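[1] Pasting a predicted model and its sequence here:
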Amino acid sequence: MKLSNLYCNKKNFKNIRFNLSGINVVFAEVKSQADEKKNSHDLGKTKLTEIIDFMLLKEVNQKTHFLFKITDENETSIFHDYIFYLELLLNSGTYLTIKRNVEYNTKISFSLNEERTVNFSTPAKWDHENITIRKAKDILSDYLSIDFFKNKEYDFRKSISYSLRTQDDFQDVYKLNKFSGKDVYWKPFMFDLLGFNGKLLQDKYDNDFKIENIKLLIDSLKKEYSVKIEERDEIVAEKSIVESKFKEIEKQIDRFNFYQQDKDLINNGIEKIENQISNLNSESYKLNYELDRLKNSIKNNFSFDMNKVNKVFEETQIFFPDELKGNYLDLIEFNKKLTSERNKILRKTIKEKEEQLNELNSDLIKLNNEREKLLQHLTDSDTFTKFKYHQKELVKVESTLIKLNEKLKIIDTIIDKENEIEILQNDIKSTINKIKSIFQRTNENDKYSSIRTSFTYFYKKIMDEDAYISWNINSNNNVDFTPPKIKSKIDTKLDTAKDEGNTYKKILCVAFDLAILISYSQESYYRFVYHDDVLSQQDNGIKIRLLELIEEINSKYSLQYIFSVINSDLPIDKEDKFIKFTDENIVLRLHDKDPSGTLFGFEF
């Protein structure tokens, strides 16, 4: 894949038509020597890489990316209505145009065409329009069809920065500026890129991460629950004792359980007894009343005074015959006998009533005693106190039992987690053995050998010194990509200083990027590389040899090499004149005479 055209809907933007092979120069003519670096940076040659990256579907941080910069005068970005188009030459020979605007930057459109765009005209039709960026990445991956990324967990974005090296990416050959996180984010990919099995490293890092998290969990459980694995059997023994105590207290509770279970029954019993007592009291009252009447009745004996009768007759001078008198005496005698018989019956009735009353009173005494017992049972404070005591004890013991069971559960969880660690460690050990086996046979890896050979050759051509790349296994059994080693012809003691110098680091990165492109040139892969300010601060001989190498590579492999340079960094020929590039080579001209010389035609 190569860059074909980059253009915009705004006339002030400097559209670019790239050379599909050979050298592509982003040339900046800087007059202000006092602050040359600042002025050259502000012209936009570095921002060009950011726009290309943006068009290759980088998900940008709108708080930091310059395209979303908000000035004091604007509430929106000064680029909010910009629409960019990037045309690519695919390895299939067709041309793909990517459309992306700033305001709706997560909506992407694609147009596939057989011919290259002329005069920066927008495509007449879009095969995919306003696609979400996540889905657009999948679509672009299919269009690019880069062999290396097939069956990988990452996509084409992973290695794009090795073809878009900015100044910040020249500090390390392997680790780009965007790989600022953990090693797992880039080392497995780099292992893949060098021709090895990156999944081995990924699995190793994943398992290390899992073990680390499990250990943190185990430590957390031990601290939170104050448990030790070696105390498990002691806890089991303690639990057995507590369970026995629990059962014993349950028995005690069952003995006193009538208080709660029979409370309603007792209340119902008292109510029934009180009803019976009330009925018996009514009968008692009735009997007493009847007995009182009977006893008063028996006191009233028959009374008839014959003398009073005679006196009445005498006073009235009425003759009182003896025969009549005899009849009265007979009546008196009869009544006496009748009263005697009645009294016998009354006494018998009284006796019966008194017996009934005695029996009734006896029943009342029993019922009252029974009611008193029930009431006493219901309000017996000692019984209730014992019941509450055993209940509290049961709660305490049950709580202890729960804690012991919880501790056993946590200990068993820890044991299971430690078993998981052991399984993961075995997997890691197996992975390490595979990595070590690879390490012992690096010479058998054709891709790695090709990259290393090309790297050494390119560095030698540019710097006239020997250098090589290598990797090793560190004390944590992880792969380390060691900085390239440089063997100076003059003094090997200078190796370290050269390795740390910005000049040497930049050329090492250039040699590495080119080695990758060459080694993957027989596959569907990137066919371009952009090196920002690659000639800056370089020795004149290095500049000339680098450009000669680029010409050699381009003629042999038809690669697209893009670099930016300011006029003062141009190499000098034998006649002490700056070597100038042709108009065909210069795809973008910038200058600092006025704002029109910048990439966007204005300063911001």
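    Right, received. Where do you want to start?

[2] residues contacting Leu20?
    By CB atoms under 8 Å, 6 or more residues apart in numbering, Leu20 lies in contact with Lys2, Ser4, Leu89, Gln560. C-betas here are computed from N, CA, C, even on glycine.

[3] so the first one makes contact with Gly93?
    No - in this structure, Lys2 is not within contact of Gly93 by CB atoms under 8 Å, at 11.0 Å.

[4] which of the two has more neighbours?
    Neighbour count, other CB atoms under 10 Å: between Lys2 and Gly93, Lys2 has more, with 20 against 7.

[5] Roughly how far does the more buried one sit from Tyr530?
    11 Å (CB to CB, to the nearest Å).

[6] hey, where'd the helices end up in the stretch 301-450 of the chain?
    306-315, 322-378, 381-439, 446-463 (DSSP state H, counting those that start in this stretch).

[7] tell me the centre residue of the protein?
    For the chain, the residue whose C-alpha lies nearest the mean C-alpha position (CA atoms, centre = their mean) is Asn213; its distance is 13.6 Å.

[8] follow-up on the earlier one: of the contacts of Leu20 - the most surrounded one?
    Gln560 (24 neighbours).

[9] re earlier: just send the contacts of Leu20 back as a markdown table, with pLDDT, distance to Lys10 and secondary structure too.
    A markdown table is the format used below for the contacts of Leu20 (pLDDT from 0 to 100; distance: CB to CB, whole Å; DSSP: H, G, I helix; E, B strand; the rest coil):
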| residue | pLDDT | distance to Lys10 | secondary structure |
| --- | --- | --- | --- |
| Lys2 | 97 | 25 | strand |
| Ser4 | 97 | 20 | strand |
| Leu89 | 97 | 24 | strand |
| Gln560 | 95 | 26 | strand |
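
[10] Going by residue numbers, what spans are strands in this protein?
    With DSSP state E, the ranges of strands along the chain come out as 2-8, 16-17, 22-29, 83-89, 95-101, 107-113, 128-132, 164-165, 466-473, 479-487, 528-531, 560-566, 586-591.

[11] Could you export those strands as a markdown table, including distance to Tyr154?
    Putting the strands of the chain into a markdown table (distance: least, CB to CB, whole Å) gives the following:
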| stretch | distance to Tyr154 |
| --- | --- |
| strand 2-8 | 22 |
| strand 16-17 | 29 |
| strand 22-29 | 28 |
| strand 83-89 | 20 |
| strand 95-101 | 20 |
| strand 107-113 | 19 |
| strand 128-132 | 19 |
| strand 164-165 | 17 |
| strand 466-473 | 20 |
| strand 479-487 | 17 |
| strand 528-531 | 20 |
| strand 560-566 | 24 |
| strand 586-591 | 30 |
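
[12] Which one of those lies nearest to Gln537?
    Gln537 sits nearest to strand 560-566 of all the strands of the chain, at 11.4 Å, using CB to CB.

[13] Give the pairing partners of the closest one; include direction for each.
    The strands that strand 560-566 pairs with in its sheet are strand 22-29 (parallel), strand 528-531 (parallel) (by DSSP bridges).

[14] Just give me how far it sits from the chain centre.
    45 Å (CA atoms, centre = their mean, to the nearest Å).

[15] Stretch 48-55 too?
    On CA atoms, centre = their mean, the centre of stretch 48-55 falls 33 Å from that of its chain.

[16] quick one: least confident helix or strand in the chain?
    The weakest-scoring helix or strand in the chain, judged by mean pLDDT, DSSP states H and E, is helix 495-500 (a mean of 45).

[17] got the contact list for Lys107?
    Neighbours of Lys107 in contact, by CB under 8 Å, 6+ apart: Arg100, Asn101, Asn130, Ile131, Thr132, Ile133.

[18] which residues does the third one contact?
    Shown in contact with Asn130 (CB under 8 Å, 6+ apart): Tyr104, Lys107, Ile108, Ser109.

[19] any idea how far the first one lies from Lys403?
    Using CB to CB, we find Tyr104 at a distance of 59 Å from Lys403.

[20] follow-up on the earlier one: out of the strands of the chain, which gets nearest to Ile411?
    Using CB to CB, the strands of the chain put strand 466-473 closest to Ile411, at 36.6 Å.

[21] any low-confidence regions in this structure?
    32-41, 71-74, 255-268, 299-332, 334-335, 338, 342, 374-388, 390, 488-501 (pLDDT under 70).

[22] what do you get if the cut-off is 50, keeping everything else the same?
    Applying pLDDT under 50 to the chain picks out residues 34-39, 260-261, 490-500.

[23] Domain map for it?
    Taking automatic domain parsing as the reference, the chain has its domains at 1-146+538-604, 162-196+447-525, 280-379.

[24] Just send these back as JSON lines, with distance to Phe439 too.
    Converted to JSON lines, the domains of the chain look like this (distance: least, CB to CB, whole Å):
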{"stretch": "domain 1-146+538-604", "distance to Phe439": "27"}
{"stretch": "domain 162-196+447-525", "distance to Phe439": "6"}
{"stretch": "domain 280-379", "distance to Phe439": "87"}
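
[25] Mind checking these for the one nearest to Gln425?
    So among the domains of the chain, domain 162-196+447-525 is nearest, using CB to CB, at 11.1 Å.

[26] I figured Leu96 hits Ser109, correct?
    No - between Leu96 and Ser109 there is no contact under CB under 8 Å: 11.0 Å.

[27] CA atoms only for stretch 96-109, dumped as PDB, please.
    Only the C-alpha atoms of stretch 96-109 are listed here, as PDB (Å, rounded to 0.1, in the frame of the first residue of the first chain):
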ATOM      1  CA  LEU A  96      -9.100   3.500  -2.500                       C
ATOM      2  CA  THR A  97     -10.200   7.000  -1.400                       C
ATOM      3  CA  ILE A  98     -10.900   7.500   2.300                       C
ATOM      4  CA  LYS A  99     -13.100  10.400   3.300                       C
ATOM      5  CA  ARG A 100     -13.100  11.800   6.900                       C
ATOM      6  CA  ASN A 101     -14.300  15.100   8.200                       C
ATOM      7  CA  VAL A 102     -13.300  16.800  11.500                       C
ATOM      8  CA  GLU A 103     -16.800  17.600  12.900                       C
ATOM      9  CA  TYR A 104     -18.100  14.100  12.300                       C
ATOM     10  CA  ASN A 105     -14.800  12.300  12.500                       C
ATOM     11  CA  THR A 106     -16.200   8.900  13.600                       C
ATOM     12  CA  LYS A 107     -18.100   8.600  10.300                       C
ATOM     13  CA  ILE A 108     -16.000   7.200   7.400                       C
ATOM     14  CA  SER A 109     -16.600   6.800   3.700                       C
END
